[in-house]
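Undergrad: Okay, sequence plus prediction incoming.
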Amino acid sequence: MVARPARGEDVLLAMRFDILTLFPGFFVGPFSTSILGRAIAAGLIEIGVHDIREHAAGRHRVCDDYPYGGGAGMVMKPEPIFACAEAVLAQDARRGPIVLLTPSGRLFTQQVARELARHERLLLICGHYEGVDERVREHLATDAISIGDYVLSGGEPAAVVIVDAVARLVPGVLAPGSLEEESHSGGLLEYPQYTRPAIFRGWAVPDILLSGHHAAVARWRRERALERTAALRPDLLARAELTPEERRWLAERQARADAAEASETAPPTGAVPRNEQG
Ligand code: 6GU
């Protein structure tokens, strides 16, 4: 696979996405709205949606068949997928990853999104039914990706997720500074954001955000991000970029929380637990 040249500030290269699907109508809404719609209109990204069925043989254009070896459900046939991919690749000389979307792929993360955004082209194959003939994965796809540990009825929602996450990394798609801000969070969950009004239904915006003290605001945001990550995604803390002070701050908070819980659940001093009474 050839990595695309580094994107300079003055040369904005468009990135091309091609999606192979049995349900092209699925994509009409998602790609015409908001940031993606604007990026397409601005020529920063191109998205082609291709109907696999148009490449199937016979009057009935059959795209699925029974699984060899038996079992429930149907399997997507290889011929229409290969034919569709080959026709789409022939439309454009640019090359990039060919990704099969399947719950049995590697997990999609921001790291994978960054990896895919380095290419000038991305082809996504949406799996359906009980699966896709394995020869697609072995001899056509260069990668197989899942967007999470749950099962979707098809790869289409996953394709929207991946196009969105990758397209926003293409220079020019987001407002300047947005990505830098994100990378400064260093692998933590985002801090809480507020906008006007300062009081809504009696709920006030934290005073510190109205104080104008930039250093104090930055400290408050960092603490809330640490707190939220520790509570909801402790798995992220191991790989997060934290200073020794921040690690100590978290450890102290955790120790206080543990002590508070122990004093709540412990029996009053001197009391004998019921099941230990004579
Ligand atoms: Cl890519 N496809 C399907 N069918 N289910 C999924 C998925 C993909 N990622 C998570 N669940």
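TA: Ah, there it is.
Undergrad: any idea how far residue 208 is from residue 201?
TA: Between residue 208 and residue 201 the computed distance is 21 Å (CB to CB, to the nearest Å). C-beta: built from backbone N, CA, C; applies to glycine.
Undergrad: Also residue 67?
TA: As for residue 67, its distance to residue 201 is 56 Å (criterion: CB to CB).
Undergrad: Same question for residue 218.
TA: Applying CB to CB, the value for residue 218 to residue 201 is 28 Å.
Undergrad: between the two, who's got more neighbours?
TA: With neighbours defined as other CB atoms under 10 Å, residue 218 and residue 201 compare such that residue 218 has more, 12 against 5.
Undergrad: Give me the phi and psi for the more buried one.
TA: For residue 218, the backbone dihedrals (degrees, to the nearest 10) come out as phi -60, psi -40.
Undergrad: Pull the contacting residues for residue 78.
TA: By CB atoms under 8 Å, 6 or more residues apart in numbering, the contact list for residue 78 reads 132-133, 135-136, 140.
Undergrad: For it, which non-adjacent residue is spatially closest?
TA: residue 133 (4.2 Å; CB to CB, 6 or more residues apart in numbering).
Undergrad: gap between that neighbour and residue 79?
TA: Taking CB to CB as the criterion, residue 133 is separated from residue 79 by 9 Å.
Undergrad: Which one of those two is surrounded by more residues?
TA: residue 133 (19 against 14).
Undergrad: what's around residue 120, how many residues?
TA: So residue 120, with other CB under 10 Å, has 20 neighbours.
Undergrad: I figured it hits residue 17, correct?
TA: No: using CB atoms under 8 Å, residue 120 makes no contact with residue 17, being 10.6 Å away.
Undergrad: which residues of the stretch 1-150 of the chain score low on pLDDT?
TA: Applying pLDDT under 70 to the stretch 1-150 of the chain picks out residues 1-12.
Undergrad: Now do the helices in it.
TA: 34-41, 78-90, 110-117, 134-139 (DSSP state H, counting those that start in this stretch).
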